[in-house]
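Chemist: Fold the following for me, if possible:
(chains A, B and C)
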Amino acid sequence: MATDVDLVSTVVTPAGQAAGRRASRARRRVPRSLVRVTRFVGLAPFLAYLALFLVVPSLSVVSSAFETVQGNFTWSNVTAALQGTYLVSFEKSLELSAFSAVISAVLGTLVAVALASTSSPAMRRVVTSACAVFANTGGLPLAFAFMASLGNFGVVTKVLADLGWNPYDHGFSIYTITGLVIVYCYFLVPLMVLVMLPAVENLRREWFEAASILGARRREAWRMVGMPLLGPAFLAALMVLFADAFAAYATAQALTDGAIPIVPIQIGTLIQGNVLAGEQNVGDALGLGMILVVGIAATLYATLQRRTARWQR
Amino acid sequence: MAALTLSPRGRARPTATSTRVPAFRFGVVTRTVILVVAALYFVVPLVASGRYALEGAHGTYTLSAVTALFHDSALWSSLLLSVEIALGAGLLTLVLLTPTSVWVNLRMAKLRRLMESLTLLPLVVPVVVVVLGIYGAFPTTVVSSPVLLAFEYVVLAMPYSYRAIDSGVQALELHTLVDASRTLGASWPSTFRRVLVPNLRTSLVAAAFITIAYSLGEFAMASLLSFTTFPVQLYQIGTDQIDEATAVSVFALLVTWGLLLGLSLFAGRRTRARRTGADVPADPPFAAGVGAELVAEVESVLGHGDPGRPGIGRERGRDA
Amino acid sequence: MAEASQVEEAERVEVSKHGLSARADGGARSGVRVELVECERRFGAVAALDRLSLTIEPGELVALLGPSGCGKTTALRALAGLEQIDSGTVRIRGVDVTALPPHRRELGMVFQAYSLFPNMTAIDNVGFGLRLRKADAKSRRERAGDLLDLVGLAAQSERFPHELSGGQQQRVALARALAVEPRVLLLDEPLSALDAKVRAQLRDEIRRIQLELGITTLFVTHDQEEALSMADRVGVMAAGRLQQIGTPSEVYERPVNAFVAEFVGSVSRVPATVGRDASVEVLGRRVPLPPAQSAFAPGTVVDVLLRPEAFVVRADPYGLGVVTRRSFLGPVLHVAVAVPGQAEIVATLPATAGADIGVGVAVSVEPTGAPLFVTEQSAAVA
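Modeler: Okay, the predicted model is just below:
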């Protein structure tokens, strides 16, 4: 760019340098303590924005969780949230998230290792780009796509039925938790691949060769060297998948029309007005629960990340 | 001591220490099986959607389902709404985050880590919870205005869009450029507008693209706040006209992917030209100078990349 | 390198201090013989190993020296079992191990860099091999501690690799390799990634430890200073083939071909014509051809290869030569002198000589001794 080249080249001329010195002298006239505080001034718009559009709603949820409709403190919302259908929905959510996270984590790692094993960089680029795209596919298109393939009259269902084994005759349905797990893998596995691929590629061959020379058989090397080194990255990614699956709403809603008992759907139902009298703020308690679960996952993620970072060079 | 060395004979053979051969490899059979099965899993649902969309009576293929929808005025108006919101969100993102990133990198470089954590905050709060909070904290007038969606989308897409902008800013010689511009007499706004922004073009386009793509596909917040955006309308159509809805959603998906593909093609041309020093013939303005960097940035922010910073949180892109 | 008696003296002291002589197969000085026989490894048309045969005697340190791509690393990795060979045999202590996987060959190997397990402390790294052999924790720690002591890092035993410097890491790597009492020690350019000063220090230490333990060692490097200073014998490789193998002084003073002459140490090429009595005229003086090469026919145009120390350079304003470059190296001065009618000559002078660039000099060859090597002029550098 012509502009900045001109500007930059001017700095190194005597005139430019003199001007720079004048400018820095001018800056130094401001007292240090003031400088330290004014540092944050430029951040104000951003902080205000974040506060208004994220923190305020979140705090509202947290406080409403402990309030009655009149505004008095109460535990009733929280206790209600931990009982009956709501408790079931928490269980179901945790089940859904855990299963889809673990399955996707394992499958994703396998794909990542398989990908790392190929020698053609073209293949790697294609698959990585595909993963970036799939990792962000969710909600409606995904729900429709799976209805079209594994729904009652889906393409795959039909093929399997023709082969003699219609899954729907055997109790399977895409519109259940099991079905959702299968669907969630669609965006969780690519995410795992994207995260694990660099981690797998970073496993130095020297480590494995050294282990081998020192007497480790393939499996031992994997168990004593590979897994401990890949472990934290794997677990960190698992946390990410878990949080992602737990908070997901749109796919489940689009697929089951709100008929599946997981926490985000429950909250959605409550928002849309299907509340019993006196239970108006139970949704907030559920929301608080969600924040806690995702928050714990995020904290674990951060801790694991710090450990791996130490080993990277 | 000057010792003459030989140049290696024949074509360069990768020496043991320089090959990027992974430590642990699957055999050819294993990895082919894995990759093929994975490919099937991802492609089949798309193909199935396509079939659903195009299938007419008696197994013929017809575009009638798709064309019927093009005449649906409600769908068009919802698309218009979505586009307006998306563009608004994109603009807001740039206006809010670019100066912020520049400021942080200029004046608060040591607090960069803190800033990164702050921008990741939206990932810790699920969207349904934010919606709950909106109902609880904001007055009805605000809640019933679609403008709210634009403002919220900026926050929801922030972890990704901020990263795009920030990596661009960090790649600049920020202090040098600013000092040079200021000592030549330019004011802060002028510096920002004439020096920094042009050099951040790629990152800014990437951030805008990310926010726009996110906004166009976002479902959860829009539907729970009762706005009829494009995805919400599609969903409603889908409740009784599943084929048509599938058709449109697949179409929308393909358009986005086609866009990315087109960008990477332009990217290839651009980088090749840069390498050979040849002049690239006039690219369409959008893709000019964007190309590979954009794709790479979008990819890196949307989840590809270092294990230290995966894209995390809610289901992304299409919904929340 | 120390005199024989001094070495033994040092050994006796070191051995008793570290108690490392208690080996089941009979003590510190019994290394094993290693043989590579007619090893071939091709990648398409390129031969990484071209019928390479090499024998390393028990307790010997052989350095494989050569430019990148010459096959020295491939040879080492073939010995380790990390590379397959297309044909040929690898024998350790007389036993054919060609088909044996690396973890069964009882070797020790130090890599160029980054081979320490980052999730384990130094002492755990060193004890890794022992852990594989099901040694109990206490004896593991003891032995690992002894080895860290041997390499001078006893105080850093609880540090993680990322907390250690490059030189320290390589010492730990060495300790780890030795912990399992390997029969052969393999060193794959272990010093290449280190600073010059650290390199020199570590070089001496590795040699000291190797002599003390009497372990057969193969050392791969592209740095001829390392090879010449450490090895019992140096093998110069190019294009997958062993060009020459001999003691450092043999390889330096009596190269068998132009490549070895030019790779090991510096060399100047002076064109000349072979005279009638198996001699050549170099810079005005007639010198005899090297004994091994007296078969050149008179009249052949040749390049005479000479070491820098073979020249005599005198300041002379009417001299034919002009100093074009100089490098002050501390103890000596290297100068490049342009002589009309021939290529540049590189000569070594005492540091006190006042040879500045542009100064006229007279150059001649030392009266004693034959040239290093003579090659037909058409023969390009191999």
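Chemist: Leaving out chain neighbours, which residue sits closest to B:I134?
Modeler: A:P57 (5.1 Å; Cβ to Cβ, 6 or more residues apart in numbering or on different chains). (Each C-beta comes from the backbone N, C-alpha and C, glycine too.)
Chemist: burial count for that neighbour?
Modeler: Counted with other Cβ atoms under 10 Å in any protein chain shown, residues neighbouring A:P57 total 24.
Chemist: before we move on, which element is it in?
Modeler: A:P57 is part of helix A:56-65 when elements are defined by DSSP states H and E.
Chemist: Name all residues that make contact with the residue nearest to B:I134.
Modeler: B:V125, B:V129, B:V130, B:V131, B:L132, B:G133, B:I134, B:G136, B:A137, B:F138 (Cβ atoms under 8 Å, 6 or more residues apart in numbering or on different chains).
Chemist: Just those: which are in helices?
Modeler: B:V129, B:V130, B:V131, B:L132, B:G133, B:I134, B:G136, B:A137 (DSSP state H).
Chemist: Pick out whichever of these sits closest to chain A.
Modeler: Of all the ones in helices among the contacts of A:P57, B:G133 has the smallest distance to chain A: 2.5 Å, by Cβ to the nearest Cβ.
Chemist: Next, work out how far apart C:L202 and C:P118 are.
Modeler: Separation of C:L202 from C:P118 (Cβ to Cβ, to the nearest Å): 21 Å.
Chemist: And those two? Which one has more around it.
Modeler: Taking other Cβ under 10 Å, C:L202 and C:P118 do not tie; C:L202 has more neighbours (21 against 18).
Chemist: State the pLDDT value of the more buried one.
Modeler: For C:L202, the pLDDT comes out at 93.
Chemist: need the contact list for it.
Modeler: Counted by Cβ under 8 Å, 6+ apart, C:L202 has contacts C:G167, C:Q170, C:R171, C:P190, C:L191, C:L194.
Chemist: again, only using 10 Å
Modeler: C:V151, C:G166, C:G167, C:Q168, C:Q170, C:R171, C:L174, C:P190, C:L191, C:L194, C:E226 (Cβ atoms under 10 Å, 6 or more residues apart in numbering or on different chains).
Chemist: do stretch C:352-369 and chain B meet at all?
Modeler: No - against chain B, stretch C:352-369 shows no contacts by Cβ under 10 Å from any Cβ of the partner chain, the least distance being 16.8 Å.
Chemist: secondary structure element for the closest residue to chain C within the stretch 151-300 of chain B?
Modeler: Nearest residue of the stretch 151-300 of chain B to chain C (Cβ to the nearest Cβ) works out as B:Q170 at 24.0 Å. Here B:Q170 sits within helix B:158-171, counting by DSSP H and E.
Chemist: Over to C:I245?
Modeler: C:I245 belongs to strand C:241-246, assigned by DSSP H and E.
Chemist: C:C39 too?
Modeler: According to DSSP H and E, C:C39 maps onto strand C:34-43.
Chemist: Note down every partner strand of whichever helix or strand comes after that strand and its orientation.
Modeler: Sequence-wise, the next helix or strand downstream of strand C:34-43 (DSSP H and E) is strand C:46-56. Under the criterion DSSP bridges, strand C:46-56 sits next to strand C:34-43 (antiparallel) in its sheet.
Chemist: and the partner strand, how far out from the chain's middle?
Modeler: Counting by Cα atoms, centre = their mean, to the nearest Å, strand C:34-43 is centred 20 Å from the centre of its parent chain.
Chemist: likewise stretch C:214-231?
Modeler: From the chain centre to the centre of stretch C:214-231 is a distance of 4 Å (Cα atoms, centre = their mean).
Chemist: Can you verify my assumption that B:A53 contacts B:A247?
Modeler: Yes - using Cβ atoms under 10 Å, B:A53 is in contact with B:A247, at 3.2 Å.
Chemist: the helices in the stretch 1-150 of chain C, which residues?
Modeler: C:4-18, C:72-80, C:122-126, C:128-132, C:137-150 (DSSP state H, counting those that start in this stretch).
Chemist: Can you pull the poorly scored residue ranges out of the chain?
Modeler: Since no chain was named, I'll use chain A. A:1-31, A:35, A:274-279, A:311-313 (pLDDT under 70).
Chemist: ah, I was thinking of chain C
Modeler: C:1-30, C:367-370, C:377-382.
Chemist: And the top helix by length along it, what's buried?
Modeler: In chain C, assigned by DSSP H, the helix with the most residues is helix C:196-213. Buried residues in helix C:196-213, counting neighbours by 16 or more other Cβ atoms under 10 Å in any protein chain shown, are found at C:198-199, C:202-203, C:205-213.
Chemist: between it and helix C:137-150, how big is the angle?
Modeler: Helix C:196-213 and helix C:137-150 meet at an angle of 120 degrees, taking axes from the mean of the first three to the mean of the last three Cα atoms, to 10 degrees as the criterion.
Chemist: who's in contact with the closest residue to A:A143 other than its chain neighbours?
Modeler: Take A:A143 and drop its neighbours on the chain: the residue closest to it by Cβ to Cβ, 6+ apart is A:A254, 3.6 Å away. Residues counted as contacts of A:A254 (Cβ under 10 Å, 6+ apart) are A:138-144, A:146-147, A:183, B:219-220, B:223, B:231, B:234-235, B:238-239, B:245, B:249, B:318-319.
Chemist: ditto for B:S190
Modeler: Residues near B:S190 by Cβ under 10 Å, 6+ apart: B:S181, B:R182.
Chemist: how near is it to B:H175?
Modeler: 17 Å.
Chemist: can you give me the helices in the stretch 51-200 of chain B?
Modeler: B:64-70, B:73-107, B:112-119, B:127-137, B:140-143, B:147-156, B:158-171, B:174-183, B:188-191, B:197-199.
Chemist: Of all the ones you listed, which one comes closest to C:Y252?
Modeler: helix B:158-171 (50.6 Å; Cβ to Cβ).
Chemist: quick revisit: just put the contacts of C:L202 in CSV and tack on distance to chain B and neighbour count.
Modeler: Listed next are the contacts of C:L202 as CSV, based on distance: Cβ to the nearest Cβ, whole Å; neighbours: other Cβ atoms under 10 Å in any protein chain shown:
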residue, distance to chain B, neighbour count
C:V151, 23, 23
C:G166, 16, 16
C:G167, 19, 19
C:Q168, 21, 20
C:Q170, 15, 28
C:R171, 20, 26
C:L174, 18, 25
C:P190, 12, 27
C:L191, 14, 25
C:L194, 15, 20
C:E226, 12, 25
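Chemist: Sort out which of these are in helices and list them.
Modeler: Short answer: the contacts of C:L202 in helices (DSSP H) are C:G166, C:G167, C:Q168, C:Q170, C:R171, C:L174, C:E226.
Chemist: do you know how far the closest residue to the fifth one other than its chain neighbours is from chain A?
Modeler: Right, C:R171. Nearest residue to C:R171 in three dimensions, chain neighbours excluded: C:V151, at 4.0 Å (Cβ to Cβ, 6+ apart). Using Cβ to the nearest Cβ, to the nearest Å, C:V151 is found at 16 Å from chain A.
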